[in-house]
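Asks: Okay, sequence plus prediction incoming.
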Amino acid sequence: DPKIIQKPKYLVAVTGSEKILICEQYLGHNAMYWYRQSAKKPLEFMFSYSYQKLMDNQTASSRFQPQSSKKNHLDLQITALKPDDSATYFCASSQDWGGRAEQFFGPGTRLTVL
Amino acid sequence: GDKVKQSPSALSLQEGTNSALRCNFSIAATTVQWFLQNPRGSLINLFYLVPGTKENGRLKSAFDSKESYSTLHIRDAQLEDSGTYFCAAEEYNQGKLIFGQGTKLSIKP
């Protein structure tokens, strides 16, 4: 059974719309993260959460808003979508934040903005 | 400049041969992870390293924090080893992985 679930697997959106990417982890981890992989850049860190609290935000735009309704959930809301937002978005988790904790990644959500 | 530099960017090998991938860090990395991104796009954990060496089957990895580099050795390459290999480093208490650009590995029969 997959331990980190991301929904949907593929997502197509029109410019200007809003979408929510879902992430749930069943590893019992306390820290969760979002990363983005686009054709032009390597995997890049976006956000980190520990015990449902925002620890770090490396995104330049407020259009990206993480939402943690439960300890094992970290969704990503993206508003006013732009074609440049097209990428695969990966959710990850680790036992604890910072220090020495291995991160595990979900299968990703591939977003295409037309 | 790039905080994590991977080399080579691409590599083509004959089945059964050996290879070495490398990452150099311009940050004070305290831990390193190696991943294989398979053709479906999934990131598979290969190694999680504090300074030292680990081995798993045909794979062996080392991380030297003082010299700021990590290596991944693949012995007796198989077709299923094809994909893109990423290294990622974390600075102490930063809670984020910084990824290299990846090495695209192709294994030919």
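Replies: Looks like it arrived, so ask away. Residues are numbered from 1 along each chain as shown, chains lettered A, B, ... in the order given.
Asks: Could you use CA atoms for every contact and neighbour count after this?
Replies: Fine.
Asks: low-scoring pLDDT stretches of the chain, where are they?
Replies: Using chain A here. For chain A, the stretches with pLDDT under 70 are A:1.
Asks: The intended chain is chain B.
Replies: Ranges of chain B meeting pLDDT under 70: B:1.
Asks: which stretches of it form strands?
Replies: Taking DSSP state E, the strands of chain B run over residues B:4-7, B:10-14, B:19-25, B:29-37, B:43-49, B:52-56, B:59-64, B:69-74, B:83-91, B:98-99, B:103-108.
Asks: residue contacts, residue 90?
Replies: Picked chain A for this. A:34-37, A:105-109 (Cα atoms under 8 Å, 6 or more residues apart in numbering or on different chains).
Asks: Not quite, go with chain B.
Replies: When contacts are counted by Cα under 8 Å, 6+ apart, B:E90 is found next to B:29-32, B:96-98.
Asks: out of these, who's near chain A?
Replies: B:31, B:96-98 (Cα under 8 Å from any Cα of the partner chain).
Asks: and the closest residue to B:E80 other than its chain neighbours, bridged to which residues?
Replies: What sits nearest to B:E80 in space, not counting adjacent residues and going by Cα to Cα, 6 or more residues apart in numbering or on different chains, is B:I107, at 8.0 Å. Note on B:I107: beta-bridge partners B:L13, judged by DSSP bridges.
Asks: since we're on B:I107, how many residues are nearby?
Replies: 18 (other Cα atoms under 10 Å in any protein chain shown).
Asks: can you pull the contacts of it?
Replies: For B:I107, the contact set (Cα under 8 Å, 6+ apart) comprises B:12-15, B:77-82.
Asks: one step back: including neighbour count and distance to A:G28, could the contacts of B:E90 go into JSON lines?
Replies: Formatted as JSON lines, these follow (neighbours: other Cα atoms under 10 Å in any protein chain shown; distance: Cα to Cα, whole Å):
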{"residue": "B:A29", "neighbour count": "25", "distance to A:G28": "26"}
{"residue": "B:T30", "neighbour count": "20", "distance to A:G28": "24"}
{"residue": "B:T31", "neighbour count": "23", "distance to A:G28": "22"}
{"residue": "B:V32", "neighbour count": "28", "distance to A:G28": "22"}
{"residue": "B:K96", "neighbour count": "24", "distance to A:G28": "19"}
{"residue": "B:L97", "neighbour count": "23", "distance to A:G28": "20"}
{"residue": "B:I98", "neighbour count": "23", "distance to A:G28": "24"}
